[in-house]
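> Predicted model follows, preceded by the sequence.
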Amino acid sequence: MSTKKIDEQNKVITIKVKDLQQLKIILATWYSYLLSKNKDPNFDLQEAIKTPIIYNIEKDELELLLMGSQEMLSELNEYIESLNKKLKDKK
């Protein structure tokens, strides 16, 4: 996973995806996070839910691009950590 700066306000996280199962898990987590942010009146869910996926035919690789502000992507990281903690607590 790597982070690249798009402009002053937005960044993109790129994630190489191994298979369709992993893609589904990552997208489900991303969409779950976006739905949790949808309570904010300044948040545009229709725009945020657009998630580009790049397919490199020569390497047969998928790459997922998650875009947002630095704050939003940091909150996503915290959201994922909280999900991981809940999963560990269940074990």
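Good, I have the coordinates. Numbering: from 1, shown residues only.
> which intervals of the chain have sub-threshold pLDDT?
For the chain, applying pLDDT under 70 flags the ranges 1-8, 91.
> And the strands in it?
2-5, 10-17, 53-56, 61-69 (DSSP state E).
> among those, which is nearest residue 46?
Nearest to residue 46, of all the strands of the chain, is strand 61-69, at 13.8 Å by Cβ to Cβ. Where you see a C-beta, it was placed from the backbone N, CA and C, and this is true even at glycine.
> how about the helices of this structure, start to end?
Along the chain, the segments classed as helices by DSSP state H run 20-37, 45-48, 70-90.
> Deepest in the core, which of the ones you listed is it.
helix 20-37 (a mean of 14; mean count of other Cβ atoms under 10 Å).
> That one - contacts with which helices or strands?
If you count contacts as 3 or more Cβ pairs under 8 Å, 6 or more residues apart in numbering; DSSP states H and E, helix 20-37 packs onto strand 10-17, helix 45-48, strand 61-69, helix 70-90.
> Would you format the ones you listed as a markdown table with distance to residue 36 included?
Shown next, in a markdown table, are the helices and strands packed on helix 20-37 (distance: least, Cβ to Cβ, whole Å):
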| stretch | distance to residue 36 |
| --- | --- |
| strand 10-17 | 17 |
| helix 45-48 | 11 |
| strand 61-69 | 13 |
| helix 70-90 | 7 |
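> Compare the ones you listed and give me the one nearest residue 34.
Comparing the helices and strands packed on helix 20-37 by Cβ to Cβ, helix 45-48 comes nearest, at 5.3 Å.
> Need the residues that contact that closest one.
Contacts to helix 45-48, defined as Cβ atoms under 8 Å, 6 or more residues apart in numbering, come from residues 34, 35, 37, 38, 68.
> ok, for the third one, nearest residue in space, not its chain neighbours?
If you skip the residues right next to it in sequence, residue 37 has residue 43 as its closest partner in space, 5.1 Å away by Cβ to Cβ, 6 or more residues apart in numbering.
> Got phi/psi on that neighbour?
Residue 43 has phi and psi values of phi -90, psi 130 when expressed as degrees, to the nearest 10.
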